[in-house]
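Enquirer: requesting a structural model of the entry that follows:
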Amino acid sequence: MLTLTTHTLEKLEILLRSAGYKVRYEKGNFKTGACMLLSSKVIVVNKFSNLESKIHAIVELVRELDLDYDLLDDKQITFVQQIKQTRLQL
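Expert: Numbers count the residues shown, from 1 in each chain. Below is the predicted model:
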């Protein structure tokens, strides 16, 4: 189970950067708290969302993305597998 902490958010950001994605925090009116810009490897997170919403939104995107495991280290691959196997309880 993932803990809903700043450390978890940082781990998710590092994971996405390692996989070639750019994470930006912007104000937005998107309901999920995050979105991907037209398959351009840019993920925009609503900066006004609370910590739990940010983590939940990014985790949902990670589950949907087809990440290149060749770009990730072993710990990051394990983290992705953990994310894909668990559901967050908010």
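Enquirer: low-confidence stretches in the chain?
Expert: Residue ranges of the chain with pLDDT under 70: 1, 28, 30-32, 36, 38, 87-90.
Enquirer: just want the most central residue of this structure.
Expert: Ile58 (2.9 Å; CA atoms, centre = their mean).
Enquirer: from Leu9, how far out is that one?
Expert: Separation of Ile58 from Leu9 (CB to CB, to the nearest Å): 7 Å. For the C-beta atoms, the positions are set from N, CA and C on the backbone; glycine is no exception.
Enquirer: can I get the CA coordinates of the strand or helix carrying the residue nearest to the centre of the chain in CSV?
Expert: Per DSSP states H and E: Ile58 is located in helix 51-64. Extracted in CSV, the C-alpha atoms of helix 51-64 (Å, rounded to 0.1, in the frame of the first residue of the first chain):
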residue,chain,number,x,y,z
LEU,A,51,-1.5,16.1,-1.6
GLU,A,52,-3.7,13.0,-1.6
SER,A,53,-5.4,14.1,-4.8
LYS,A,54,-2.1,14.8,-6.5
ILE,A,55,-0.8,11.3,-5.6
HIS,A,56,-4.0,9.6,-6.6
ALA,A,57,-4.0,11.4,-10.0
ILE,A,58,-0.4,10.6,-10.8
VAL,A,59,-0.8,7.0,-9.7
GLU,A,60,-3.8,6.6,-12.1
LEU,A,61,-1.7,8.0,-14.9
VAL,A,62,1.2,5.7,-14.1
ARG,A,63,-1.2,2.7,-14.3
GLU,A,64,-2.3,3.7,-17.8
